[in-house]
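[1] fold the following.
(2 chains)
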There are 2 protein chains.
Amino acid sequence: METTKYELTPEGELRNRLHRFQFRLLDKKAEGALICQNADLFYFSGTIQRSFLFVPAQNDPILMTQKDYDRARRESKLKTVLPLKAVSDIPSLLRDNGCSEITRLGLELDVIPANLYVRLRELFPQAEWVDVSSEIRETRMIKSPFEIQQMKRAAAICAETMANAQRVIREGMTEIELESKLIALGRKRSHHGFMRMRGWNQEMHYGHVLSGESGIVSSFLESPTGGTGPSPATGQGASFARIKRDTPISIDLCFGVNGYIADHARTFVIGNLPRPLTDDYQKLLEVKHVFAEMAKPGVGSSDLYKAVLEKVRLEHLEDHFMGYGNEKTSFIGHGLGLEVDELPVLSPRSSHTLEEGMVFTLEPRLKYPGIGVIGFEDDYVVTASGVERITTTEDGIIAV
Amino acid sequence: METTKYELTPEGELRNRLHRFQFRLLDKKAEGALICQNADLFYFSGTIQRSFLFVPAQNDPILMTQKDYDRARRESKLKTVLPLKAVSDIPSLLRDNGCSEITRLGLELDVIPANLYVRLRELFPQAEWVDVSSEIRETRMIKSPFEIQQMKRAAAICAETMANAQRVIREGMTEIELESKLIALGRKRSHHGFMRMRGWNQEMHYGHVLSGESGIVSSFLESPTGGTGPSPATGQGASFARIKRDTPISIDLCFGVNGYIADHARTFVIGNLPRPLTDDYQKLLEVKHVFAEMAKPGVGSSDLYKAVLEKVRLEHLEDHFMGYGNEKTSFIGHGLGLEVDELPVLSPRSSHTLEEGMVFTLEPRLKYPGIGVIGFEDDYVVTASGVERITTTEDGIIAV
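    Numbers count the residues shown, from 1 in each chain, chains lettered A, B, ... in the order given. From the prediction side, this is the model:
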């Protein structure tokens, strides 16, 4: 069986991640954390085989695996990987491995199901439980060169998909047919098949391929675009609407490599867009320049948001920016990594300060009633002195 | 915008579902339930717009929607759809609409995040909370003719994909390339893009396209097959392994229409399989006949499992059935609907009795060390007198 491309997370990566998280645990005065959500588990152990990872604040972690144990041992570079028969065995397994008398323990309270939470409380009756989801998310917020490398590979798939889109778009095809051709390319290139989102009930399959008025249909999703989707059961993304001439086509797709996601959008058109839209698009690129000039370590994420909004007002784009009327998205970009809704968020209420290694999107959009959406989405890594764009498609509306 | 295919859940459907659930609430002595997980929300309200649905044990339900409210009103045929600003407004909104003094309230404790559970407890300090996830799952277990119709449409996409697979399989292509072509077809036909799974940390994108030894790689997933996937980050499904001659290729794919999933598998081969495998496959079809003869209303799901296992032993297939050695899957089929892991489960510990309207899979598999997996998966509806198969691909190994 070919496994050459089956890459494991290097040991040094795991060590560094755990180290940074352990500092935060000490700050939180927790003796350790019990981690079990797939994305977090993969980040700290290199495997998503069904496990609980105990991370003590000051010692080596213990990975306890229910299924598949042999596979977890092969995939994880952690030293201690133990078989776990049942959740109820966790306390004794920890005790047998030197972790007794735990009185304050962290959990991913933002994602673990209520029943599991109740059960763990019963298993550790003496322990006080604290939510360490912010600590985990803030640890994961700073990417290593290894992680950035994965995201650049994912961004390359995104760029290839955009180039491909230009070739396959045809007048009269449905949005969903267009999307099906694009996701097939991405999947073949190693796209892992779905996007992990952390937010409760937030779901993302491929992204949004929306033409004309589909682009202004908002949804349950925390996202600048929604779309109708094929049915109310999924309620987002491509629908059976047919692609028309002289109408904006928004292609916003996510692809992932080794778990790491890139998220990229461009506006396409068969024929021409009305003059106000093409003018506004140029202004939106000016807005992007303000962002790219200002973004660097030390800048507050909300200050960046405010500076972008100020430029939007200067360019007289505010009536369309991120929606119109009462329906406006309250952020212009979001962190990316193993999940598509990571930190930092570029919003007015965000409290993070840019640091080297952060990766986030900038996704300014303009929505026009009765017409659709134009705009773009690019992914940026914060470097020592500014930001580096990792999505490589050229700027501008793409004519088909 | 074309919306002809955008079908809403009929009002009578919702009424019937709520009615059946309300009986169970009364049994549980709960005054109502607060439902918010996407699949449950869609089932009882017809929309997944971000909402809390209050279902009183004896009155009309109230849908409280945060985002997108206008869309929820368009999509849901429920009479009372109210805008909800914040979760903290739920108690007053219910009080204003005649639902006061709630002392025992049901929640989906198997899926809602711990933080949300804690928050709801704070908002209703006087209430006792009970887990109604079994009541919801058992209500959803019995499908209406409308629901079965959706699943037949999904099954038709599955069958079309299998026919297509026969045309596109080539020696030397990667599993993931083959899968990319198949999912593109499904997506174009309306596949909604991902499979909802209820189980914690269980994930499913398209299904599993596995060749040769990939077919015997087990994973974290509660599923007869796992596969390596493109990386440990997803750890299941198609990999970069190349498809070889005279080796079993297992194509197991799920597609969905209007939220409802069909799940279908066949074994393909370029050239020929070794004689013992083809003989065993024929015996597996005999096992299926035992299942199809016995399955009818009134039969216990565990009795059905046991009868199948007895036939497996009679045919001397037990060394390979559902795995070998210590790694054997403990069920031979599972319920299907809005989620891919519904009730009933055909397992030795299952306690359900077959009823008209249940829909489940039968997925017998034989695994051979060093070779791979053979078998099939079909979907069945329980009728008044037996079962009707809704997946339509002919039986037998498919030669390419």
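
[2] for the residue of the stretch 251-400 of chain A found nearest chain B, which non-adjacent residue is closest in space?
    Per C-beta to the nearest C-beta, A:Gly259 is where the stretch 251-400 of chain A lies closest to chain B, at 2.7 Å. C-betas here are computed from N, CA, C, even on glycine. Spatial nearest neighbour of A:Gly259, chain neighbours left out: B:Ala233 (2.7 Å); criterion: C-beta to C-beta, 6 or more residues apart in numbering or on different chains.

[3] identify the residue nearest the most centrally placed residue in chain A in space, chain neighbours excluded?
    Per C-alpha atoms, centre = their mean, the C-alpha nearest to the average position across chain A is that of A:Val340, at 1.5 Å. Nearest residue to A:Val340, sequence neighbours excluded (C-beta to C-beta, 6+ apart): A:Met195, at 4.6 Å.

[4] so that neighbour touches A:Cys254, yeah?
    Yes. Counting by C-beta atoms under 8 Å, A:Met195 does reach A:Cys254; the two are 5.1 Å apart.

[5] residue contacts, A:Lys292?
    Actually, residue A:292 is Ala. It isn't Lys. Each residue near A:Ala292 by C-beta atoms under 8 Å, 6 or more residues apart in numbering or on different chains is listed here: A:380, A:386-387, A:389.

[6] state the pair within these that is farthest apart.
    Maximum pairwise distance among those (C-beta to C-beta): 10.3 Å, between A:Gly386 and A:Arg389.

[7] thought A:Met11 was touching A:Ser76?
    Residue A:11: Glu, not Met. No. A:Glu11 is beyond contact range of A:Ser76, at 9.4 Å (criterion: C-beta under 8 Å).

[8] settle it for me: which of those two has more neighbours?
    For A:Glu11 versus A:Ser76, neighbours defined as other C-beta atoms under 10 Å in any protein chain shown are more numerous around A:Ser76 (27 against 13).

[9] mind listing the helices for chain A?
    A:11-27, A:38-45, A:69-75, A:90-96, A:114-123, A:133-141, A:145-168, A:175-188, A:275-294, A:301-314 (DSSP state H).

[10] how about the residues of the stretch 201-350 of chain A near chain B?
    A:201, A:203, A:205-206, A:212-214, A:217-220, A:226, A:228-235, A:237, A:239-242, A:256-260, A:327, A:338 (C-beta under 8 Å from any C-beta of the partner chain).

[11] let's see 7 Å
    Proximity of the stretch 201-350 of chain A to chain B (C-beta under 7 Å from any C-beta of the partner chain) is limited to residues A:201, A:203, A:205-206, A:212-214, A:218-220, A:228-235, A:237, A:240-242, A:258-259.

[12] that older thread, the residue nearest to A:Gly259 contacts A:Arg196, correct?
    No. B:Ala233 is beyond contact range of A:Arg196, at 9.0 Å (criterion: C-beta atoms under 7 Å).

[13] returning to what we had before: and the residue of the stretch 251-400 of chain A closest to chain B, how far from A:Gly12?
    Note on A:Gly259: its distance to A:Gly12, by C-beta to C-beta, to the nearest Å, is 17 Å.

[14] ok, these two, which is more surrounded?
    Taking other C-beta under 10 Å, A:Gly259 and A:Gly12 do not tie; A:Gly259 has more neighbours (26 against 11).

[15] can you read off the pLDDT for that one?
    pLDDT, A:Gly259: 96.

[16] could you pull up the contacting residues of it?
    Contact analysis of A:Gly259 by C-beta atoms under 7 Å, 6 or more residues apart in numbering or on different chains lists A:42, A:192, A:338, B:231, B:233.

[17] which of those tops the neighbour count?
    Neighbour tally across the contacts of A:Gly259 (other C-beta under 10 Å): the maximum, 27 neighbours, falls on A:His192.

[18] got the contact list for A:Arg189?
    By C-beta under 7 Å, 6+ apart, the residues touching A:Arg189 are A:Ile157.

[19] change it to 10 Å
    A:153-154, A:156-158, A:160-161, A:255, A:257, B:176-177, B:180, B:230 (C-beta atoms under 10 Å, 6 or more residues apart in numbering or on different chains).

[20] okay if I get these as a markdown table plus neighbour count and distance to B:Arg50?
    Formatted as a markdown table, those follow (neighbours: other C-beta atoms under 10 Å in any protein chain shown; distance: C-beta to C-beta, whole Å):
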| residue | neighbour count | distance to B:Arg50 |
| --- | --- | --- |
| A:Arg153 | 18 | 33 |
| A:Ala154 | 30 | 28 |
| A:Ala156 | 17 | 34 |
| A:Ile157 | 23 | 30 |
| A:Cys158 | 32 | 28 |
| A:Glu160 | 17 | 34 |
| A:Thr161 | 26 | 29 |
| A:Phe255 | 31 | 26 |
| A:Val257 | 25 | 30 |
| B:Ile176 | 23 | 34 |
| B:Glu177 | 20 | 37 |
| B:Ser180 | 25 | 32 |
| B:Pro230 | 29 | 32 |
